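Trainee: Provide a 3D model corresponding to the input given below.
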Amino acid sequence: MKKNPFFYIMLPTFNRPELILRSVQSVINQPYNEYKLVIFNDGSTSDYSELEELIDGCTKVEYIKSRDNLGINKSRNIMIESFLKDINIDSYFFTLSDDDYLMENSLQIMSKEINKFSSIWYCFNCKSNSKHLSYKSNYFDNSDYLNYEKLNFSDFLKEYKGDKHFVFKLDHFKKIRYPEKYFKNGFEHLFYYKIPSRIQTIPITVKVIEYYEDGLSLSDIYKKFDSFDVRFKELKTLPFK
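Mentor: This next block holds a predicted model:
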C-alpha cells in the first residue's frame, strides 16, 4: 500500500501582506495534513504582522524573513536546500506564489493522482483569474490538459497551454537549482530544462492563479535579458547542445 505523499510548499512573498493571507489560508484550511509550508519574506518593507498572527503556533508553517531582497530564484533555492535537509520519505515540492491559492481539497487530489503514476514531474491544470490586467489578455489565457499523457518539456513548450501547477519529486533535486547567478527573477525554463524526466500531465485543476502588475519583486528580468553573454553562459549549463 502506497503512503500519502508529503508536500513541501514554498511560498515567496514581497510587499504583499494582504494578498498572501489568501494563499496561506488556502493551505492551512486543507484537510490533508502531510505537508510543510515555508513562507519566504524576501526583504519586504511592508507590515506582515497580520500574517505572523495567522501562522503563530502553526507547526506545519515555517516563516523565513530575509533582510535583503534576494529575488525569487535565490529564495526558491534556499527553500529547496532546507527541504533536502528535512526530507521525508516520498516527498514532493511545489511553488505557490503569493497571488495564487489552492482550491479545496487540492492536496488530497494531488496525493491521489501522484500515487497513480511513477514520475518525478507532475503537471496539473490551473484556473486563471487574470483577465483584468492591462496586458494583452491572450497572454494569460489558459487551456486545460484533457488527458493523462507523458510530455517532453520541448513538446510542452511547442503546444503551450498557459501556466500550469508543477509538482516535483524532491529526492531528484539534489543538484538542480533555479538560475540565480545571472537572473534574479524569472527564466524558470532554465530550471525545467535540467530536469531528467518527462512531464506527467494530470487533467485536473488544483490551483487558481491571479497575476498582478507588481508581480516580480524588484525584477531585473528585462534589464539583463538582452545580454547575449549572460544568456549564453547560463545556456551552456543545460543538458543539450
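
Trainee: tell me, which helix in this structure spans the most residues?
Mentor: Longest helix in the chain by number of residues (criterion: DSSP state H): helix 72-85.

Trainee: residues of it that come out buried?
Mentor: For helix 72-85, the buried set under the neighbour-count rule, 16 or more other C-beta atoms under 10 Å, comprises 72-80, 82-83. Placement of C-beta: from N, CA and C, glycine included.

Trainee: Going by distance to residue 128, which of those residues wins?
Mentor: Of all the buried residues of helix 72-85, the one sitting nearest residue 128 is residue 72; the distance, using C-beta to C-beta, is 19.4 Å.

Trainee: Quick check: which ranges of this structure have low pLDDT?
Mentor: Residue ranges of the chain with pLDDT under 70: 1, 130-140, 213-241.

Trainee: Spatially central residue for it, please.
Mentor: Taking C-alpha atoms, centre = their mean, the centroid of the chain lies closest to residue 95, which sits 2.2 Å from it.

Trainee: quick one: that residue and residue 10 touch, right?
Mentor: Yes: between residue 95 and residue 10 there is a contact at 5.3 Å, judged by C-beta atoms under 8 Å.

Trainee: Could you name every residue contacting both of the two?
Mentor: Common neighbours of residue 95 and residue 10 (criterion: C-beta atoms under 8 Å, 6 or more residues apart in numbering): residue 76.

Trainee: For stretch 187-205, buried residues please.
Mentor: Of the residues in stretch 187-205, 187-188, 190-195, 198-202, 204-205 count as buried by neighbour count, 16+ other C-beta under 10 Å.

Trainee: In strands only, show me those residues.
Mentor: Per DSSP state E, strands hold the following members of the buried residues of stretch 187-205: 199-202, 204-205.

Trainee: I'd like these laid out as TSV, including distance to residue 121.
Mentor: Shown next, in TSV, are those (distance: C-beta to C-beta, whole Å):
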residue	distance to residue 121
199	5
200	7
201	10
202	11
204	16
205	18
